[in-house]
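> Could you look at this predicted model? Sequence included:
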Amino acid sequence: MSKRLRVSVILLAALGNFASPLIARANFDGNLTVEIDGFKNTEGQVCASIFGSSQGFPADRDRVLERQCTKITDMPVKLTFNKLKVGNYAVAVMHDENNDFTVNRTDLGFPLEGFGFSQNPEIRDRAPKFDEAAVLVVGANTEIKIQLQYL
């Protein structure tokens, strides 16, 4: 075996040792636990929707990876999204006070019910973009907190 070929084989073996943990990690499923707080009352339910890309975030129901709703019995409320691939996700949350699965709005378009987003971005005159709310899920259990806002 030539010296050049031996060096190539050694380099490939070394690179393989570095690549295999990355490959294993890419196939790893993790959980995202969302703690929601700041409720003004316990009426209705809270719903959280998780998005895996900017397409449709935060309101397009057809682009939601998963949606969970639960009655508000204890505060804060915790919801867990299971078996997520390593990557960036954004979560949109609403306090659905009248159980109609919709963020009710004023005639001017302002939300009448509580809402929030992962990373708790400051809300001014628009909903946040995916990148402003994105959370990296990399471990067995990633935990985030979302503080509801009422206008």
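Arrived safely.
> Show me the shaky parts of the chain.
1-27 (pLDDT under 70).
> From Glu43, how far out is Val34?
As judged by C-beta to C-beta, to the nearest Å, Val34 and Glu43 stand 20 Å apart. To be clear about C-beta, it is placed using only N, CA and C from the backbone, and glycine gets the same treatment.
> tell me, how many neighbours does Tyr89 end up with?
24 (other C-beta atoms under 10 Å).
> Please read the previous query as pertaining to Cys69.
Cys69 has 15 nearby residues by other C-beta under 10 Å.
> so what's the closest residue in space to it that isn't next to it in sequence up against?
Spatial nearest neighbour of Cys69, excluding adjacent residues (C-beta to C-beta, 6 or more residues apart in numbering): Cys47 at 4.1 Å. Taking C-beta atoms under 8 Å, 6 or more residues apart in numbering, we find Cys47 in contact with Arg67, Gln68, Cys69, Val93, Met94, Asp96, Phe101.
> cool, Thr106 as well?
Leu112.
> Pairing-wise in the sheet, spell out the partners of Gln45.
Beta-bridge pairing for Gln45 (DSSP bridges): Lys71, Asp96.
> Helix, strand, or coil at Asp131?
Three-state assignment for Asp131 (DSSP: H, G, I helix; E, B strand; the rest coil): helix.
> Sounds good, over and out.
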